[in-house]
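Student: A structural model of the following input is requested.
(chains A and B)
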2 protein chains.
Amino acid sequence: MTHPVLVAGSWRPAHDPIGTFHATNPATREQRPNAYPISSVADVHAALEAGHEAALALRSVAPEQIADFLEQFADNIEARGDAIAAIGHLETALPEATRLRKGEMGRTTNQLRQAAAAARDRAWVNATIDTGTNIRSMLGPLNGPVVVFGPNNFPLAFNGISGGDFAAAIAAGNPVIAKANPAHPGTTRLLAEAAFDAVQASGLPAATVQLLYHMPPEAGLELVSHPLVGATGFTGSQFAGLKLKEAADKAGKPIYLEMSSVNPVFILPGALDERTADVAQEFYGSCSLAAGQFCTNPGLVILPSGEAGEAFAKAAADLFAQNAPGTLLSPNGPGNIANALGTLTEHGAEIITGGSEADTPGYAFENTLLRTDANTFLANAEALQTEAFGTVSLLVFADDAAQMAQIADALDGNLTGSIYTDTNGADDNAYTTLEPALRPKVGRLLNDKMPTGVAVVPAMNHGGPFPSTGHPGFTAVGIPASLVRFAALQSYDNVRPHRLPPELQDKNPTGTMWRSIDGVWTQNDV
Amino acid sequence: MTHPVLVAGSWRPAHDPIGTFHATNPATREQRPNAYPISSVADVHAALEAGHEAALALRSVAPEQIADFLEQFADNIEARGDAIAAIGHLETALPEATRLRKGEMGRTTNQLRQAAAAARDRAWVNATIDTGTNIRSMLGPLNGPVVVFGPNNFPLAFNGISGGDFAAAIAAGNPVIAKANPAHPGTTRLLAEAAFDAVQASGLPAATVQLLYHMPPEAGLELVSHPLVGATGFTGSQFAGLKLKEAADKAGKPIYLEMSSVNPVFILPGALDERTADVAQEFYGSCSLAAGQFCTNPGLVILPSGEAGEAFAKAAADLFAQNAPGTLLSPNGPGNIANALGTLTEHGAEIITGGSEADTPGYAFENTLLRTDANTFLANAEALQTEAFGTVSLLVFADDAAQMAQIADALDGNLTGSIYTDTNGADDNAYTTLEPALRPKVGRLLNDKMPTGVAVVPAMNHGGPFPSTGHPGFTAVGIPASLVRFAALQSYDNVRPHRLPPELQDKNPTGTMWRSIDGVWTQNDV
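Tutor: Take a look at the predicted model:
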């Protein structure tokens, strides 16, 4: 039996499917039993049409009802938590209890509830009222459904049907068409069932959530560029992301991409003098989290050449070598890492430890540390920023802060950048040299902290300059900041009071909503 | 003598220019005396390199100093106002005293001073502080200069070196490379001199403002897609805009475009019953402003078929026929209008009045009114939305509000949409039918008002869905809203207090800056 897709308010067989696919258990290399459909453009068009109608219908649904849905969905996930974590584990090999059932599921339901709170309090719409001209503006929903492509590495918290982009798009008043990651279709199915049940319970338009499991690339391009689509959120590979971006851009459709990042970590001399072993431990811990398959994995470390840097390299290499590699998420994980290592070593990086596929029952690759010097890096900057999606990192030895700044200047856009310094100010001058070069290259600048761990707070930026994302002004994590991606600026000029949306009427619709009235942020009525 | 360009802090001859060009006086069809250079990529690269260095240098310049520059520049424009208006008139044929010296110059200096105030008060950076996690975020400048392409129709207020995009980019902390509109190089030169003198007086980096007059298309594509550029603001034709968009998108460089819009006006039956003559007069007044060459020109009017609609058409046609056409901005104006009329009439529009180039000393085209019915429009919706940049409008007769909603549904994205209704509520049901279809298609929704007249206030949206712009979330007019286009979201995670930018330190840097601290908008310290 092939599983149905969720289109236009019903679980129904895929129309004219291209074929079927199965997930793989990465821990055993065994194919999972259930077959899922590969949709053709027939499903894409049906989902877009139903989604477009749902978008229109959602415009007359109160934000409170959308919030109810998000909270009901979070409750449903928790009620079905054991089953979701169990299948999630079988499809991803991520630890069932600690990572999936507890950590990632907690993050997922927290995001949904934060999104519900944002929909309720409405401050995110940035209501702006000029009483002198009687012009009023706010962010409103898009004119069509939001497509969300989830990545393979967070089957719950970034899933197209339950993750951050989903929560943001729905809270902003848009329906979602989720494109499952083909690595974990069963997990996605259970989440979609939980979502659709919540849609029905809360009385939202039936096509508010839709799910397709898989499709050929050309159907994906159609999905993100069709006249009926509102926008797209994508988390995944740079290769796929840039193809989708090209199609969406050409059609004038917004697309928000989170693609690739090596997350440079700069370690200044004073920090090593003070705490080499601690920093090495933090580095290994961060780099090996989930077998190195985090978007914010520290894949590039810039450190001082000489004795202190060598001591750090040795301490780190020992940790990489002594610890067993984790299981990778998918069958092509080891091959992708090997390819990336090929590019790195061809351009002057030397392997200190690791470098080969691991001989394990599941898919795995040895923890791998590489090294090069600053001049080699600067001469091959593009190639030596190749991302290896695993417990792999490249150490670059630099002479001084000025050379570190040169390296920062040669970096592509990244999600994060970290600078480690001593605690007494000995590194402050070097920091002042380095920071101006690094700041514009990264979305989030950290001090004395590894980049993994992306708190869901309003000031988070899980974004950054191209090619880490497609636009430097937006974040994929953090509520309400992530909602604004899925909204249009809508101004009302001389519109009669009773025709204004509640958010722009003289009376504050909730009594507590923050609005900017004549340049002053207030919770008062006009 | 060929005028120099302004690159890297000096007025110097173009390097390896492609050739020269001259402006034309549209009122006399005579070539203007001064020669201006057509730059090659040599100037483009030089400007980008200098602009990139200026961007880095500007990061350590206080917002107050940037504000001083903007105010000094506004003062300089006023001090040289007579000369600027005089040459502006000779290059555009726009009325020298009323339009240029008074109206548009006042708007221009007002925008610059509003931008200065925004830079000073800093609220636009959207400073967000989470005290629990010590994560803090704000909008910061881009990593490179902003390129601004100005249109032909607002030689001062949208000029690349003095207009809204310029003011927004500078106030957000970025240098600007202006690409003059070749229709008014002399006006642009005087403005650039005023800007550069202000740069020197206020001590900003010398390459904070740069000016190139003209370049071949391939150099323009290089300019917007080069690794050193920060972003681009463009106002002009859809043809040029889409070419630039494609190049910038491919390079992952933000580009904000204001392209084309027919600005639909829907007139409901009650409004005609009540005030046909008044609405016809408002319509003609708006449509003929500046010979119809406004971005928000009402080029499409949807009105009830039958007696009332016919009476409106007759009243409007009389006004179009009785009034002399204005002078167009450029030699190709009449030909462009004739081409657009060809497309419209080929697809079922009939000319009521006008339709030919005017026999006048300057470039002009007869005021032209066309008509068609809703079914013809719906069957040829794409072609019948062709913009004619002049005093040209198409009346579409519809049976009822439902058919008007169908027409709204068939529209492309527009900057504005207007709905006229009676004052006693007779049209309220029809409004309720029409508004949900129109709202998502336009950036600014108006009641009982023609779309020309774009107030520079925080709630203005001079933007809209594609293809009126490239992204529905941004506005080109309105301060501080227009600044956010030229900024990157920058998060600081665990960054030590003394290393934070002043906007994110515990102490409010101005004592009055609005910041969001733990979800509460406040002017207090943390």
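Student: please state the offset of stretch A:263-276 from the chain centre?
Tutor: Here stretch A:263-276 is found 28 Å from its chain centre; the criterion is CA atoms, centre = their mean, to the nearest Å.
Student: so is that stretch next to chain B?
Tutor: No. Stretch A:263-276 is not in contact with chain B by CB under 8 Å from any CB of the partner chain; minimum separation 12.1 Å. Placement of C-beta: from N, CA and C, glycine included.
Student: ok so residue A:232 is a strand residue?
Tutor: Yes. Using DSSP: H, G, I helix; E, B strand; the rest coil, the assignment for residue A:232 is a strand.
Student: what's the closest non-adjacent residue to the residue of the stretch 1-150 of chain A found nearest chain B?
Tutor: Distances between the stretch 1-150 of chain A and chain B by CB to the nearest CB are smallest at residue A:143, namely 3.6 Å. Leaving aside its sequence neighbours, residue A:143 sits nearest to residue B:440 (CB to CB, 6 or more residues apart in numbering or on different chains; 3.6 Å).
Student: check contacts around the one you found.
Tutor: A:59, A:140, A:141, A:142, A:143, A:488, B:465 (CB atoms under 8 Å, 6 or more residues apart in numbering or on different chains).
Student: against residue A:518, how distant is the residue sitting furthest away from the middle of chain A?
Tutor: Distance from the centre of chain A peaks at residue A:132, with 41.6 Å (CA atoms, centre = their mean). Going from residue A:132 to residue A:518 by CB to CB, to the nearest Å gives 7 Å.
Student: could you look up the SS state of residue A:229?
Tutor: coil.
Student: hmm, it is touching residue A:143, no?
Tutor: No. Using CB atoms under 8 Å, residue A:229 makes no contact with residue A:143, being 9.3 Å away.
Student: more crowded one of those two?
Tutor: The residue with more neighbours, out of residue A:229 and residue A:143, is residue A:229; 28 against 24, by other CB atoms under 10 Å in any protein chain shown.
Student: quick check: nearest residue in space to the more buried one, chain neighbours excluded?
Tutor: Using CB to CB, 6+ apart, the closest residue to residue A:229 is residue A:144 (5.0 Å).
Student: ditto for residue A:368
Tutor: residue A:354 (3.1 Å).
Student: quick one: residue A:392 and residue A:337 touch, right?
Tutor: Yes. Counting by CB under 8 Å, residue A:337 is a contact partner of residue A:392 at 6.2 Å.
Student: mutual contacts of the two, please.
Tutor: A:365, A:368.
Student: in the helix or strand harbouring residue A:319, what's buried?
Tutor: Per DSSP states H and E: residue A:319 is located in helix A:307-322. Under the neighbour-count criterion of 16 or more other CB atoms under 10 Å in any protein chain shown, helix A:307-322 has A:308, A:309, A:312, A:313, A:315, A:316, A:317, A:319, A:320 buried.
Student: can you list the residues that contact the top helix by length along chain A?
Tutor: The helix that spans the most residues within chain A, counting by DSSP state H, is helix A:269-288. Helix A:269-288 has contacts (CB under 8 Å, 6+ apart) with A:265, A:267, A:297-299, A:301, A:303-304, A:308-309, A:311-312, A:315-316, A:319-320, A:323, A:326, A:367, A:391-393, A:420-424, A:426-427, A:430, A:448, A:450-452.
Student: if you set the cut-off to 7 Å instead, what comes out?
Tutor: A:265, A:267, A:297-298, A:301, A:304, A:308-309, A:311-312, A:315-316, A:319-320, A:323, A:326, A:367, A:391, A:393, A:420-423, A:426-427, A:450-452 (CB atoms under 7 Å, 6 or more residues apart in numbering or on different chains).
Student: go on, stretch A:12-27?
Tutor: A:2, A:4-5, A:30-32, A:34-40, A:42-43, A:46, A:90-93, A:182-186, A:214, A:216, A:327-331, A:361-363.
Student: of the residues you listed, buried ones?
Tutor: A:2, A:4-5, A:32, A:36-40, A:43, A:46, A:90-93, A:182-186, A:214, A:327-330, A:362-363.
Student: report the entries of those that also contact chain B.
Tutor: By CB under 7 Å from any CB of the partner chain, no member of the buried ones among the contacts of stretch A:12-27 lies near chain B.
Student: do you know how far residue A:441 is from chain B?
Tutor: For residue A:441, the distance to chain B equals 7 Å [CB to the nearest CB, to the nearest Å].
Student: and the closest residue to that residue other than its chain neighbours, what is it in contact with?
Tutor: Distance criterion CB to CB, 6+ apart; nearest residue to residue A:441, sequence neighbours excluded, is residue A:411 at 4.8 Å. By CB under 7 Å, 6+ apart, the contact set of residue A:411 is A:264, A:385, A:441.
Student: next, the residue of the stretch 1-150 of chain A closest to chain B: phi, psi?
Tutor: For residue A:143, the backbone dihedrals are phi -100, psi 50 (criterion: degrees, to the nearest 10).
Student: could I get the pLDDT score of it?
Tutor: Looking at residue A:143, its pLDDT stands at 95.
Student: contacts only, for it.
Tutor: Neighbouring residues of residue A:143 by CB under 7 Å, 6+ apart: A:55, A:230, B:440, B:465.
Student: then residue A:454?
Tutor: A:296, A:460, A:462, A:477.
Student: among those residues, who's most crowded?
Tutor: Busiest of the contacts of residue A:454 [other CB under 10 Å] is residue A:462, holding 28 neighbours.
Student: distance check, the residue lying closest to that residue once chain neighbours are set aside against chain B.
Tutor: Among residues not flanking residue A:462 along the chain, residue A:477 sits closest, at 3.6 Å (CB to CB, 6+ apart). Residue A:477 is 10 Å from chain B, where distance means CB to the nearest CB.
Student: for chain B, what are the nearby residues on the stretch 101-250 of chain A?
Tutor: A:128, A:129, A:130, A:133, A:135, A:136, A:137, A:143, A:249.
Student: secondary structure class for the second one?
Tutor: It refers to residue A:129. Under three-state DSSP, residue A:129 comes out as strand.
Student: and for the fourth one?
Tutor: For residue A:133, the secondary structure call by three-state DSSP comes out as coil.
Student: and it, how many neighbours?
Tutor: Neighbour tally, residue A:133, other CB under 10 Å: 16.
Student: I figured it was touching residue B:460, is that so?
Tutor: No. Using CB atoms under 7 Å, residue A:133 is not in contact with residue B:460; the gap is 8.2 Å.
Student: who's residue A:177 bridged to?
Tutor: residue A:147, residue A:210 (DSSP bridges).
Student: before we move on, the earlier item: model confidence at the residue nearest to residue A:441, what's the number?
Tutor: What the model reports as pLDDT for residue A:411 is 98.
Student: check which helix or strand it maps to.
Tutor: Using DSSP H and E, residue A:411 sits within no helix or strand.
Student: phi, psi for it please.
Tutor: phi -80, psi 150.
Student: how about the one 4 residues further on?
Tutor: With angles defined as degrees, to the nearest 10, residue A:415 shows backbone torsions of phi -70, psi -40.
Student: residues contacting it?
Tutor: When contacts are counted by CB under 7 Å, 6+ apart, residue A:415 touches A:261, A:263, A:295, A:296, A:442, A:443, A:444, A:462, A:463, A:464, A:468.
Student: done for today, thanks.
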